[in-house]
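Asks: Predicted structure and sequence below. I'll ask about it afterward.
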Amino acid sequence: MTKCANLSNKNLNFLDVFAGGGGLSEGFIRAGFKPVAHIEMDSSACFTLKTRMARHWLYKKNREEIYYNYLNRKISRDDLYQKIPKNIFSSVLNEEINENNIYDIFESIDELNDGKINLIIGGPPCQAYSIIGRASDKTNMKNDERNYLYKYYALFLEKYKPSYFLFENVLGLLSAMDSDGELYLDKMKALFKKTGYTTDYKILSASDYGVLQKRKRIILVGKRKGEKDIFPEPDMWNPDVKVNEALSDLPSLSAGKGSDKPCRLKKYKGQWLYQSNIRNDDYPVTLHRARPHSDNDLEIYTRAVKAWNNGHKRLNYSALPKYLKTRKNETSFIDRYKVVEGDLNSCHTILAHIAKDGHYYIHPDISQNRSITPREAARLQSFPDDYFFESETAYSNRGAVFKQIGNAVPVLMAEKIALKLKEIW
């Protein structure tokens, strides 16, 4: 695996549109690409991006002790930011991309970069294309404005004419249709072609690139010239590693326990956490604090883990004793209580829904009897332990943090795509 935060390659840069908490960007930075700007409407995610850009800048300047002090809560976020050049933070644009401000965004980007932009990456919010999102909406999400954010993406392509672009989204994009019955994917490809790009897409699974998670995504690549395939081959460099290894060295917690302060890791004799650049013994580990749960949910969690341990059986909500049922609907989402598959080499997909409750992400260790923490979720998304997820006001608003983690592209997967693209550039 490559070392983290290599910013030495100044020849290839990128613009991250709909950047979220920065998983896709982090993978490209690891591969040697330099970010020009990140555009993101969520203010909490923008603070996360700023903090990560601060970490990269400090790494480059051999001043990592400042970031270390921040994670240890010896200095505040304001103190950290005051030690970083303003242009580093001005590259994070906290903007909603729409018809009223897109040209202002272009102006801000041009002030940051007066040369060519080589690559544009990112994908619009996926809720409007997702199968679950459509199933829960009366109009099948056909009136959702997010369906048409790809049109603004095309304006970025038209303006900057990068050699390549990379558009990421959920599998539901393959079947999502507009009110005329036309596939959004077909409309996207036609628009991108009109803008000057030939496109190709593949369904990539994160588990094929070292991530301990069954996460499948559509990766649509556009190129102005050339016919080379830039999709990375599967790289099963960790076939024998189980999901439990990603959780094994974190302190054991019961529901509601843990602290906002950094935690001490247990001794670790394995290799995967180092090979994946997740564990870094030089930095403290943050955001390992467990949600509180009701006694009712804790009993259900215990039953769910026992069922999984007894032949990998899933708990059926409708089969629970009546006194444990708190929901009237017993016919849909009967697997709403789900255990993370600790004894397998990949777990089910980490989704942004984890911000609402932890029932779909029960820790596999029955003695802990809780849902997973933000740090555990981040590890399953292959974020390094020194990646700090911010929120707008509080030190670590759990909902804002979980949302960023659940929406992210796994870092290892992004890195493999970036390395392949760099190889054939």
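Replies: Done, it's in.
Asks: Could you use CA atoms for every contact and neighbour count after this?
Replies: Will do.
Asks: can you tell me which residues contact the residue nearest to residue 77 when sequence neighbours are not counted?
Replies: In space, and not counting its chain neighbours, residue 77 is closest to residue 70: 7.1 Å by C-alpha to C-alpha, 6 or more residues apart in numbering. By C-alpha atoms under 8 Å, 6 or more residues apart in numbering, the residues touching residue 70 are 76-77, 80.
Asks: Would you map the strands across this protein?
Replies: Ranges of strands in the chain, per DSSP state E, are 13-17, 34-40, 92-94, 119-122, 164-169, 198-205, 216-223.
Asks: where in the stretch 151-300 of the chain is pLDDT low?
Replies: Low-confidence segments of the stretch 151-300 of the chain, defined by pLDDT under 70, span residues 227.
Asks: residues touching residue 152, list them.
Replies: 97-98, 102.
Asks: and those, which are buried?
Replies: Buried subset of those (neighbour count, 16 or more other C-alpha atoms under 10 Å): 97, 102.
Asks: looking at it, residue 234 is touching residue 203, isn't it?
Replies: No. The pair residue 234 and residue 203 does not pass the contact test of C-alpha atoms under 8 Å, sitting 11.9 Å apart.
Asks: For residue 403, grab the count of nearby residues.
Replies: By other C-alpha atoms under 10 Å, 21 other residues sit near residue 403.
Asks: Tell me how far it lies from residue 124.
Replies: Residue 403 is 15 Å from residue 124, where distance means C-alpha to C-alpha, to the nearest Å.
Asks: Local confidence estimate at residue 125?
Replies: At residue 125, the model reports a pLDDT of 77.
Asks: close enough to count as contact, residue 288 and residue 258?
Replies: Yes. Using C-alpha under 8 Å as the test, residue 288 is close enough to residue 258 to be in contact (6.4 Å).
Asks: quick one, which of these two is more surrounded?
Replies: When residue 288 and residue 258 are compared for neighbours, residue 288 comes out ahead with 23 against 18, by other C-alpha under 10 Å.
Asks: follow-up on the earlier one: and of the contacts of residue 152, the nearest to residue 379?
Replies: Using C-alpha to C-alpha, residue 97 is the member of those that lies nearest residue 379, at 30.0 Å.
Asks: For that closest one, list the residues it contacts.
Replies: 41, 149, 152.
Asks: Just give me the closest of the residues you listed to residue 218.
Replies: Closest to residue 218, out of all of those and judged by C-alpha to C-alpha, is residue 149, at 16.4 Å.
Asks: now that closest one, nearest residue through space, not along the chain?
Replies: Counting by C-alpha to C-alpha, 6+ apart, the residue nearest residue 149 is residue 124, at 6.2 Å.
Asks: I'd assumed residue 150 was in contact with the one you found.
Replies: Yes. Counting by C-alpha under 8 Å, residue 124 sits close enough to residue 150 to count as a contact (6.8 Å).
Asks: quick revisit: of the strands of the chain, which is nearest residue 60?
Replies: strand 34-40 (12.6 Å).
Asks: Quick check: end-to-end length of stretch 88-95?
Replies: Start-to-end span of stretch 88-95 (C-alpha to C-alpha) is 17 Å.
Asks: nope, stretch 261-277 is what I was after
Replies: 22 Å.
Asks: How many neighbouring residues does residue 351 have?
Replies: Neighbours of residue 351 using other C-alpha under 10 Å come to 18.
Asks: Do I have it right that it meets residue 406?
Replies: Yes. When contacts are counted by C-alpha under 8 Å, residue 351 is listed as touching residue 406 (4.3 Å).
Asks: what's near enough to touch the nearest residue to residue 358 once chain neighbours are set aside?
Replies: Using C-alpha to C-alpha, 6+ apart and skipping the chain neighbours, the partner closest in space to residue 358 is residue 371 (5.1 Å). The contact partners of residue 371, taken as C-alpha under 8 Å, 6+ apart, are 255, 290-291, 358-359, 361-363.
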